[in-house]
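Peer 1: Predicted model and sequence below, questions to follow.
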2 protein chains.
Amino acid sequence: MEYDVYIQTCPTRMVLDRLADKWAVLVLGRLDDKPVRFNQLKREIDGISQKVLSQVLKKLERDGLVSRKVFATVPVTVEYAITPLGRTLTATVDALRRWAEDNIETVLAAQQKYDRAAD
Amino acid sequence: MEYDVYIQTCPTRMVLDRLADKWAVLVLGRLDDKPVRFNQLKREIDGISQKVLSQVLKKLERDGLVSRKVFATVPVTVEYAITPLGRTLTATVDALRRWAEDNIETVLAAQQKYDRAAD
DNA sequence: TTAACATGGTTTCATATCGATACCAAGGAG
DNA sequence: CTCCTTGGTATCGATATGAAACCATGTTAA
């Protein structure tokens, strides 16, 4: 069986679509160290809405990258953790975040140059 | 100056949003070897529309990751190539694609297990 | 000669996804 | 009795997306 993300109907394309997502990258980055609860994630990932966070977590859980654990406290506590499979991915998504932080000044300079040239 | 992708207004967040995108990953992957023309990219990236391809290329060019070169042939030829800055990123986005291709079977198994459990 | 196809786009429009907000149940604190 | 917490879901308007048509220019096929 041949898999190729450049073919639209290949299942790898759907996986890439899930991973190549701003929110998925940020969620996986936060879960890398330790399990985190829902509302703590929401507070730490500035700008994410409750709806989108719950959707992203559900999809990551379905893909086997994140596990969900409910504690019968009051109010109920839900803890999300990265799975062994998810852990094989964190180095890669971390690299994306680091690239953005390391090269932001170069990118901003390129944008300004591009925008000036378009006068 | 402190940059942090977890802060909504940080410019790194916008860069991450651009890179953490299915189409951007696929475009950068195709340009890694050699410059490619617009319609060749469109043919090779199965399922991308002309509009989205031109938008993605424009944004990647603005960010300084891709360069655009017009040749005065008939009909006009437009060639897109990766820049030195873009090249510092290709290893990372390649890793994302490779992860998807290497782990697809594990992910598909996890999805089936999740879906069965939800019956 | 006229129709079709190539180039690299932009425009249009209908739909899908997004984010903000409100709402929910269940209980603790004031 | 009301507000706050937990972890969500429901609703709704704004935004982004994808399919398709359109554009100019010129070459080739019928």
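Peer 2: Everything's here; your move.

Peer 1: Check which helix or strand the residue in chain A that DNA strand C sits nearest to maps to.
Peer 2: In chain A, the residue that lies nearest DNA strand C is A:V52 (3.5 Å; CB to the nearest atom of the strand). The way it works is simple: take the backbone N, C-alpha and C, and place the C-beta from them, glycine included. With elements taken from DSSP states H and E, the one containing A:V52 is helix A:50-62.

Peer 1: Is chain B within reach of that helix?
Peer 2: Yes. On the criterion CB under 8 Å from any CB of the partner chain, helix A:50-62 is in touch with chain B at A:E61, A:R62.

Peer 1: Would you indicate which residues of stretch A:100-108 are buried?
Peer 2: A:A100, A:E101, A:N103, A:I104, A:V107, A:L108 (16 or more other CB atoms under 10 Å in any protein chain shown).

Peer 1: Would you confirm that A:V66 contacts A:P84?
Peer 2: No. Taking contacts as CB atoms under 8 Å, A:V66 lies outside contact range of A:P84: 11.4 Å.

Peer 1: So is the longest helix along chain A next to DNA strand C?
Peer 2: Ranked by number of residues, the top helix in chain A under DSSP state H is helix A:84-117. No. Counting by CB under 7 Å from any atom of the strand, DNA strand C is not contacted by helix A:84-117; separation bottoms out at 13.9 Å.

Peer 1: can I assume the residue of chain A closest to DNA strand C is in contact with A:A24?
Peer 2: No. Using CB under 8 Å, A:V52 makes no contact with A:A24, being 10.5 Å away.

Peer 1: More neighbours: which of the two?
Peer 2: Neighbours were counted for A:V52 and for A:A24 using other CB atoms under 10 Å in any protein chain shown; A:A24 has more, 22 against 13.

Peer 1: who's in contact with the more buried one?
Peer 2: A:R18, A:V56, A:K59, A:L60, A:V93, B:A20 (CB atoms under 8 Å, 6 or more residues apart in numbering or on different chains).

Peer 1: Now tabulate these in JSON lines and tack on distance to A:I45.
Peer 2: Shown next, in JSON lines, are those (distance: CB to CB, whole Å):
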{"residue": "A:R18", "distance to A:I45": "17"}
{"residue": "A:V56", "distance to A:I45": "10"}
{"residue": "A:K59", "distance to A:I45": "15"}
{"residue": "A:L60", "distance to A:I45": "13"}
{"residue": "A:V93", "distance to A:I45": "14"}
{"residue": "B:A20", "distance to A:I45": "13"}
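
Peer 1: still on that earlier bit, ok and the longest helix of chain A relative to helix B:50-62, angle-wise?
Peer 2: 80 degrees (axes from the mean of the first three to the mean of the last three CA atoms, to 10 degrees).

Peer 1: tell me the secondary structure for the spatially closest residue to A:A110 that is not a sequence neighbour?
Peer 2: Spatial nearest neighbour of A:A110, chain neighbours left out: B:G64 (2.7 Å); criterion: CB to CB, 6 or more residues apart in numbering or on different chains. Here B:G64 is recorded as coil under DSSP: H, G, I helix; E, B strand; the rest coil.

Peer 1: Mind pulling up the pLDDT for B:G64?
Peer 2: At B:G64, the model reports a pLDDT of 96.

Peer 1: my read: it touches A:V107, true?
Peer 2: Yes. Under the criterion of CB under 8 Å, B:G64 makes contact with A:V107 at 6.1 Å.

Peer 1: any shared contact partners between those two?
Peer 2: Common neighbours of B:G64 and A:V107 (CB under 8 Å, 6+ apart) are B:L85.

Peer 1: that older thread, so, if you compare the buried residues of stretch A:100-108, which one comes nearest to B:D32?
Peer 2: A:N103 (17.2 Å; CB to CB).

Peer 1: end-to-end on stretch A:69-76?
Peer 2: 11 Å (CA to CA, to the nearest Å).
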